[in-house]
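>>> starting from these lines, generate the structure:
(4 chains)
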There are 2 protein chains.
Amino acid sequence: MATINEVAKLAGVSKATVSRVLNNRPVSSETHAKVMKAIRELKYQPNAQARGLSLRQVKIIGLIAPDLRGGFYGPIILGIEEVLQKNDFNLIVSRAQSKEYRLAKMLKEKKVDGLIIATPRRIGEKGILALKKDNFPVVVIDGNVGEQVSSVEVDSRQGAYQATEHLIKLGHTRIGVISSPYSFKESRDRLRGYQDALKQYGLTYDHALVREGNYSMASGEREIEQLLVLEPRPTAIVAFNDEMAIGAIHGLFKKGFSVPRDMAVIGFDDSEIAQTFYPPLTTVRQPIKEMGAVAARKMLAILSGEETAVTHVILQTSLVVRASCGAGLQ
Amino acid sequence: MATINEVAKLAGVSKATVSRVLNNRPVSSETHAKVMKAIRELKYQPNAQARGLSLRQVKIIGLIAPDLRGGFYGPIILGIEEVLQKNDFNLIVSRAQSKEYRLAKMLKEKKVDGLIIATPRRIGEKGILALKKDNFPVVVIDGNVGEQVSSVEVDSRQGAYQATEHLIKLGHTRIGVISSPYSFKESRDRLRGYQDALKQYGLTYDHALVREGNYSMASGEREIEQLLVLEPRPTAIVAFNDEMAIGAIHGLFKKGFSVPRDMAVIGFDDSEIAQTFYPPLTTVRQPIKEMGAVAARKMLAILSGEETAVTHVILQTSLVVRASCGAGLQ
DNA sequence: TTGTATGCGTTATCAT
DNA sequence: ATGATAACGCATACAA
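Below is the predicted model of the structure:
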């Protein structure tokens, strides 16, 4: 492909001048025309690496996530990419590795200008803080690294409150929980929201009703069995993601229970399967795609120097009422 | 961050020597030690852009897809990324744009070394051929650009044959089809496989049984309604992806039909929802993640010069029998 | 084995 | 307004 030198030669100007028209700096209208003509003829396209080397900015953002697919990370990728594309940035996606040093590699190599980290796991926590200390642009999605690094999160406590309240208002008093791993900050927040609602409506908290899952469908199916042997048996379940909710429903179906008739089930995320499933799943909607978009905007702001302080954006959840709780809608 | 010059200075050698140890070229063991020590002390990390500029290789591959999430593109991304990561390459993902020129931009900018294009749509077809003519490394996944560009595909005809045969062997003779858009090559191949199976088992083809969907759940629900009014009513359905199959089942449930008792339904893809759904969906498994992996390996082979000719890899499908056809398994 | 010099394709500085 | 030239950080051909 043509370089700036060839364009300069064809247009009969210096490459400095070509660079000027490329970057919209003042040039006489006649030279502008000449240069543009040469650019078109040679189908010239500036070399991003050379530009990056000179400007110290590649216009690429990296995303680190434990998994690149699924109902959660797919929309995040989409949300990020949409924002970046509008700003002529690109997105490199990378699966999280156990080795922390990998985290830093792309940044230090200058392969990316900044890193968006989306992982609830503890992997990389120290690594993230180290990056932050080296002043690398980092934004965390739904993480638990604390105050020092910019983040976009979701009001988990509120979300769990909404779910629990909905069930209470439907008349349930024994409400089981299939939680995400207790070590995640979001789990603790959600459990607090669950307790808030119980307290608010004068119900007592029973620890036996709370089971720890691991976000997989299988764990949902496993934990519902444990909940079913309780006396008295719960009549409603809050699962901390849609997959575990659906796993629970599978378990209920296999034991001959009907949903929502015998058991109301409510999920978390409003991922694609929540609408796809039958019965359609009542769920706490997290604005997943928007989380990605907000993180991307935040990253761009940091890079452009608009945003200098560490900030934490907290997005709100909303309850999506479908059929799985028998609320009579849809 | 430190540069090669600072490392050279600290180690007391020239930067050429540092470059040599970085690239495993012969150096005396003492200088090797000195240089490595300096590298560690300075936490030196080579600058990918400078290296790329010099080597004309960034070690980044681009992926263009119509959508970055969902049961199909998620696993593709995962498959690609896994292979690339092992080879120290990175993956830039980008949503397909209607404008063809966007396709070429990343390549011409040298922001990526090659492009993997995964889109059944006709978008970019001319653009792809143009890229190929300019000798840019391009691999197409499941595309319909013809012989001239390397591709990895799936044996769609065989897949549809397997699905249809399965239903025939279960005793069905009126088998409806909810197809993907007829303009896609894969649709035509699958319809041929469907017809092959009918013919093989002495059944006659009835065009009224074939409806055109658009891969969305809604279209599955829409088209099942049309199939239900036929006389005699079909007793089994082949849908050309899992989402349409599930849409069809929703439609059936709403009309009071039971699956598989009143209607056998079989999907295509074996995406995550196929296992998640209730009843678990019998489906034609496409090795989606492997398609990504194969495409990535092919791209790396092209870049390294191992693969020079245009080749087409065709992966085989397999039938995954679950509950939605009443075959008695699982 | 090691060092020097040059090129990779830009942008930026300093002249003119 | 434009041109010459020096970075940017690395790899490499050629010398020593």
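
>>> pLDDT below threshold where in chain A?
For chain A, applying pLDDT under 70 flags the ranges A:98-101, A:121-124, A:328-330.

>>> and it, what are its domains?
Per automatic domain parsing, the structural domains of chain A span A:4-46, A:60-154+A:288-315, A:156-286+A:319-325.

>>> briefly note if the longest one comes near chain B.
Yes. Counting by Cβ under 8 Å from any Cβ of the partner chain, chain B is contacted by domain A:156-286+A:319-325 at A:217, A:243, A:246, A:249, A:250, A:253, A:272, A:273, A:276, A:277, A:278. Bear in mind the C-beta positions are built from the backbone N, C-alpha and C, glycine included.

>>> same check on the first one?
Yes. Legend: contact between domain A:4-46 and chain B by Cβ under 8 Å from any Cβ is shown at A:43, A:45, A:46.

>>> now the buried members of the residues you listed.
By neighbour count, with 16 or more other Cβ atoms under 10 Å in any protein chain shown, the residues of domain A:4-46 next to chain B hold A:45, A:46 as buried.

>>> tell me which of the residues of domain A:4-46 next to chain B is nearest to DNA strand C?
The nearest member of the residues of domain A:4-46 next to chain B to DNA strand C, counting by Cβ to the nearest atom of the strand, is residue A:46 at 4.2 Å.

>>> what sits against the closest one?
Residue A:46 sits next to A:4, A:22, B:109 when contact means Cβ atoms under 8 Å, 6 or more residues apart in numbering or on different chains.

>>> can you report how many residues lie near residue A:9?
If you count neighbours by other Cβ atoms under 10 Å in any protein chain shown, residue A:9 ends up with 16.

>>> likewise for residue A:27?
Around residue A:27 there are 16 residues (other Cβ under 10 Å).

>>> quick one: it from chain B, how far?
Separation of residue A:27 from chain B (Cβ to the nearest Cβ, to the nearest Å) stands at 23 Å.

>>> just the strands in the stretch 51-200 of chain A please.
For the stretch 51-200 of chain A, the strands defined by DSSP state E, counting those that start in this stretch cover A:60-65, A:90-95, A:114-117, A:138-141, A:151-154, A:175-179.

>>> by contact count, what packs against the fifth one?
Of the remaining helices and strands, those touching strand A:151-154 by 3 or more Cβ pairs under 8 Å, 6 or more residues apart in numbering or on different chains; DSSP states H and E are strand A:138-141, helix A:288-304, strand A:312-315.

>>> I'd like the ones you listed as TSV, with distance to residue A:199 appended.
Compiled in TSV, those are given as follows (distance: least, Cβ to Cβ, whole Å):
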stretch	distance to residue A:199
strand A:138-141	30
helix A:288-304	29
strand A:312-315	22
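
>>> correct me, but residue A:235 touches residue A:174?
Yes. Under the criterion of Cβ atoms under 8 Å, residue A:235 makes contact with residue A:174 at 5.6 Å.

>>> distance of residue A:292 relative to DNA strand C?
According to Cβ to the nearest atom of the strand, to the nearest Å, residue A:292 and DNA strand C sit 29 Å apart.

>>> share the number of residues neighbouring that residue, please.
Using other Cβ under 10 Å, residue A:292 has 28 neighbouring residues.

>>> residues in contact with the residue nearest to it when sequence neighbours are not counted?
Leaving aside its sequence neighbours, residue A:292 sits nearest to residue A:79 (Cβ to Cβ, 6 or more residues apart in numbering or on different chains; 2.7 Å). Neighbour list for residue A:79: A:288, A:289, A:290, A:291, A:292, A:293, A:294, A:295, A:296 [criterion: Cβ under 8 Å, 6+ apart].

>>> enumerate every residue touching the residue positioned nearest the centre of chain A.
The centroid of chain A falls nearest to residue A:76 when counting by Cα atoms, centre = their mean (4.4 Å). By Cβ under 8 Å, 6+ apart, the contact set of residue A:76 is A:63, A:65, A:118, A:141, A:288, A:289, A:291, A:292, A:295.

>>> thinking again about what came up before, can you flag the buried ones in the residues of domain A:156-286+A:319-325 next to chain B?
Buried by 16+ other Cβ under 10 Å: A:217, A:243, A:246, A:249, A:250, A:272, A:273, A:276, A:277, A:278, out of the residues of domain A:156-286+A:319-325 next to chain B.

>>> need the max-distance pair from the residues you listed.
When Cβ to Cβ is used, the two most widely separated members of those are A:250 and A:272, lying 17.2 Å apart.

>>> can you give me how far stretch A:84-92 is from the chain middle?
Relative to the centre of its chain, stretch A:84-92 is centred 17 Å away, using Cα atoms, centre = their mean, to the nearest Å.

>>> show me which residues of chain A are close to DNA strand C?
Within reach of DNA strand C by Cβ under 7 Å from any atom of the strand, chain A has these residues: A:3-5, A:15-16, A:19, A:22-23, A:44-47, A:50-51, A:53-55.
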